[in-house]
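**Q** below are the sequence and a predicted model for it; my questions follow.
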Amino acid sequence: MFLLNKLDRPLLMGAALAATGWHYRKKKGDQERGPCPFHGSSPRSVSMNVNRRIGKFFCHKCKKNGDAIDWFRAFNNMDFVPAIRELHRLAGISIPEGED
């Protein structure tokens, strides 16, 4: 079974955000804040917190949270394994042959 590398988290989160077109409106330290794409908040909202360094997100309004794979799966309505493969491809990270 393929294990997600902790060092890949920032790359994966960056790829997930870029692929879904999310942009933050405010930044403080490692925290980026912007609108939540999961509950249809206004473009001026800052309910979504994203930390690319640790690869996690959390919406203070709808409570959606998780990592880059959760973001990518929810946004694209994908199953787990195809989402991992596509997100790694977008991030330029190879998955060892025969591992999924």
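**A** Everything's here; your move.

**Q** tell me where the chain has strands.
**A** 26-28, 31-34, 48-51, 56-59, 65-67 (DSSP state E).

**Q** now the ones you listed in CSV, with mean neighbour count?
**A** Every residue, glycine included, has its C-beta placed from N, CA and C. CSV is the format used below for the strands of the chain (neighbours: other C-beta atoms under 10 Å):
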stretch, mean neighbour count
strand 26-28, 10
strand 31-34, 18
strand 48-51, 22
strand 56-59, 19
strand 65-67, 15
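
**Q** any idea which of those strands gets closest to M78?
**A** strand 65-67 (13.5 Å; C-beta to C-beta).

**Q** does anything pack onto the closest one? Which helices or strands?
**A** Applying 3 or more C-beta pairs under 8 Å, 6 or more residues apart in numbering; DSSP states H and E, one finds that strand 65-67 makes contact with helix 9-20, strand 56-59.

**Q** which one of those lies closest to P96?
**A** Nearest of those (C-beta to C-beta): helix 9-20, 16.0 Å.

**Q** how far out from the middle of the chain is that closest one?
**A** 5 Å (C-alpha atoms, centre = their mean, to the nearest Å).

**Q** residues contacting that helix, please?
**A** 4, 37, 50-57, 67-69, 71-72, 75-76, 87-88, 90-93 (C-beta atoms under 8 Å, 6 or more residues apart in numbering).

**Q** check stretch 28-40 too.
**A** 20, 22-27, 41-54, 59, 61-62, 64, 74-75.

**Q** who touches the residue most central in space within the chain in this structure?
**A** Most central in the chain under C-alpha atoms, centre = their mean is A68, positioned 2.9 Å from the mean C-alpha point. Applying C-beta under 8 Å, 6+ apart, we find A68 in contact with 9, 12-13, 15-16, 55, 87.
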